[in-house]
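Enquirer: Here's a sequence, model it:
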Amino acid sequence: MKKILLFALLCCFSIVAFAQDYQFKTTVDLEATPVISQGRTGTCWSFSASSFLESEIIRLTGKQIDISEMYNVRNTYPKKAWNYVMRQGKAQFSEGALAHDVMNAVKSHGLVTSEAYSGLKALETNHNHAEMEAVLKAMLDVYIKNPGKKLSTNWKPAVESVLDVYLGESPKWFNFEGRRYTPKSFQEMTKINPDDYVTITSFTHQPYYEQFILNIPDNFSNGSFYNVTLDELVAVTRNALNTGYTVELDCDVSETTFSAKYAVASIPEEAVKDKKEFTAEIRKEKTITAEFRQEEFENFTTTDDHLMHITGMATDQNGNEYFRAKNSWGSNSERVPNDGHVHMSEAFFKLKTISVMVHKDALPKALRVKLGL
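Expert: A predicted model of the protein is given here:
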């Protein structure tokens, strides 16, 4: 009987010893602005890329500036509308876009502060674009049906008017730190040059070290991606962080094993039923190959559904390394009872990353040569 009890105690001890809650220690922590919420919108692309630019502004000028996410959204919608109309409705029109669309907006329209352009009406405190997107799409669908039998260009000012009603008119100038700026002169002050940033991905259906247009629904603007090996995609991200550059991330967070609540994302070797189960202990993860990554992309298990901003790295108590991603779902709430960051394992990153965007100087030198940058 004593032997049985002793055996049972040893088993219990082993289970307790193995079932470890994640305990993270930050190893790289680059400067970034506070976590904020994108509200009830599909504009993670602007919130994450704007956060990325805010870190770049800190790196380039030493200034911490809260730039307007909604100014970038406001200046991207007319381009989405153009694509939708010119393709006669045979394209996606939604709240989604990608990080390079923010760069395109900055290149065309400059930058402004959130104080100068909040995208909120009086008494509003949270963003909600459901009605605006529905109104825009319904209006564009009418124009596409062409009831007048000759499509006019009236849809262009009509789109601008709807955006002005819901988000506000774009400022022609504004004040910052006692000086008056236009959006373009403010961009110049921040030293942000959109041409300095590149988007990197890794897929086997295209040649490595060349650019190609990635066919995903949110790439309405036909942005080009540099294709590298999977190990190089990880190396790019790690090199950037270790040399003082943050990273913009497009990835899939639809997996059960992504948990904003528990601030961890991994790919356990064995299937789990729910988020609480997989976060209860550190589990052995799958080995992610380029072939498996490609298969999951082509069968739609991996899609581009969320963008975040990687600002650092961390390790768990077993020494496993993670990328620390700043999310845009707020912090210290019932949904996200933490500081609003997620620790992403290398396996999760390898399998679920669609692309990263970095300053070209953040690329390893040997890879820059391969890409001709």
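
Enquirer: and the residue lying closest to residue 328 once chain neighbours are set aside, which of the three is it?
Expert: In space, residue 328 comes closest to residue 47 once its chain neighbours are excluded; the distance is 3.8 Å by CB to CB, 6 or more residues apart in numbering. Where C-beta positions appear, they are placed from N, C-alpha and C, glycine not excepted. Of the three states, residue 47 takes helix under DSSP: H, G, I helix; E, B strand; the rest coil.

Enquirer: The one 5 residues further on now?
Expert: On the three-state scheme (three-state DSSP), residue 52 is labelled helix.

Enquirer: What is the neighbour count of the closest residue to it other than its chain neighbours?
Expert: In space, and not counting its chain neighbours, residue 52 is closest to residue 248: 4.3 Å by CB to CB, 6+ apart. For residue 248, the neighbour count with other CB atoms under 10 Å is 29.

Enquirer: need the helices for the stretch 51-200 of the chain, in chain order.
Expert: Here the stretch 51-200 of the chain has its helices, by DSSP state H, counting those that start in this stretch, at 69-86, 99-109, 130-145, 155-167, 183-190.

Enquirer: how about JSON lines for these, with mean pLDDT and mean neighbour count added?
Expert: Putting the helices of the stretch 51-200 of the chain into JSON lines (pLDDT from 0 to 100; neighbours: other CB atoms under 10 Å) gives the following:
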{"stretch": "helix 69-86", "mean pLDDT": "97", "mean neighbour count": "22"}
{"stretch": "helix 99-109", "mean pLDDT": "98", "mean neighbour count": "22"}
{"stretch": "helix 130-145", "mean pLDDT": "95", "mean neighbour count": "15"}
{"stretch": "helix 155-167", "mean pLDDT": "96", "mean neighbour count": "16"}
{"stretch": "helix 183-190", "mean pLDDT": "98", "mean neighbour count": "18"}
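
Enquirer: Kindly state which of those is positioned closest to residue 283.
Expert: Closest to residue 283 of the helices of the stretch 51-200 of the chain is helix 99-109 (CB to CB; 31.0 Å).

Enquirer: right, and residue 370 touches residue 207 too?
Expert: No - between residue 370 and residue 207 there is no contact under CB atoms under 8 Å: 11.6 Å.

Enquirer: Pick out whichever of those two has more residues nearby.
Expert: Between residue 370 and residue 207, counted using other CB under 10 Å, residue 370 has the larger neighbour count: 16 against 9.

Enquirer: Distance-wise, check the more buried one relative to residue 100.
Expert: For residue 370, the distance to residue 100 (CB to CB, to the nearest Å) stands at 21 Å.

Enquirer: still on that earlier bit, mean confidence score for the one helix or strand the residue nearest to residue 52 maps to?
Expert: Assigned by DSSP states H and E, residue 248 falls within strand 247-251. Average pLDDT, strand 247-251: 98.

Enquirer: quick one: it to chain centroid distance?
Expert: Relative to its chain's centre, strand 247-251 lies at 5 Å (CA atoms, centre = their mean, to the nearest Å).

Enquirer: ditto for stretch 129-138
Expert: From the chain centre to the centre of stretch 129-138 is a distance of 22 Å (CA atoms, centre = their mean).

Enquirer: Show me the contact partners of that stretch.
Expert: 40-43, 77, 81, 84, 93-95, 159, 162-163, 166-167 (CB atoms under 8 Å, 6 or more residues apart in numbering).

Enquirer: which among the residues you listed gets closest to residue 299?
Expert: Using CB to CB, these come closest to residue 299 at residue 94, 22.1 Å.

Enquirer: gap between the residue positioned nearest the centre of the chain and residue 47?
Expert: Nearest residue to the geometric centre of the chain (CA atoms, centre = their mean): residue 307, 1.7 Å. Counting by CB to CB, the separation of residue 307 from residue 47 is 8 Å.
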